[in-house]
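> how would this look folded up:
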Amino acid sequence: MSETAVIFMSNGKTYTVSTSPASLHQSLIKDEQSGDFLKQFHLLNGKEILINPAHVVAVESSELSNMDVSTSDKTTPVSDKNRKDANLKAVREFKDDIDGNME
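Coordinates of the predicted model:
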């Protein structure tokens with residue numbers, strides 16, 4: 001089993017890298033005073049990313065055997081119609097809630 005670390009960013013995105021959380025921590029704080037604000041990492045799916053350590057919220061340890069690598073770091077496409085329908089439903093519920101609470 002290969003140890004991996006999941007990086008949680010302040011914008012809600014997550015990235016899975018093939019390294020331990022301790023090694024990842026050292027990479028994030030290394031050369032902190034050098035003015036180099038972006039750190040380079042390689043994701044499990046082969047992509048390369050640059051991360052600003054100031055935007056890392058948390059790092060979690062994860063075992064590779066518990067993950068579906070084929071879907072790591074991929075977004076799920078949502079049809080435009082489904083998104084619009086969900087937004088319209090949420091707006092209607094919000095309006096109903098406001099109408100009931102406004103006096």
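> can you show me the strands along the protein?
Assigned strands in the chain, in chain order: 3-9, 14-17, 39-42, 48-51, 56-63 (criterion: DSSP state E).
> same list, these, but as JSON lines with mean neighbour count and mean pLDDT please.
The way it works is simple: take the backbone N, C-alpha and C, and place the C-beta from them, glycine included. Putting those into JSON lines (neighbours: other C-beta atoms under 10 Å; pLDDT from 0 to 100) gives the following:
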{"stretch": "strand 3-9", "mean neighbour count": "18", "mean pLDDT": "89"}
{"stretch": "strand 14-17", "mean neighbour count": "18", "mean pLDDT": "90"}
{"stretch": "strand 39-42", "mean neighbour count": "14", "mean pLDDT": "88"}
{"stretch": "strand 48-51", "mean neighbour count": "13", "mean pLDDT": "90"}
{"stretch": "strand 56-63", "mean neighbour count": "13", "mean pLDDT": "86"}
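> in this structure residue 44 contacts residue 15, no?
No: between residue 44 and residue 15 there is no contact under C-beta atoms under 8 Å: 9.0 Å.
> shaky segments in the chain?
Applying pLDDT under 70 to the chain picks out residues 1-2, 31-36, 63-78, 100-103.
> can you list the strands of the chain in TSV and add distance to residue 95?
Output for those, formatted as TSV (distance: least, C-beta to C-beta, whole Å):
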stretch	distance to residue 95
strand 3-9	33
strand 14-17	33
strand 39-42	44
strand 48-51	40
strand 56-63	33
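> do you know which of these lies nearest residue 27?
Nearest of the strands of the chain to residue 27, taken as C-beta to C-beta: strand 39-42 at 5.8 Å.
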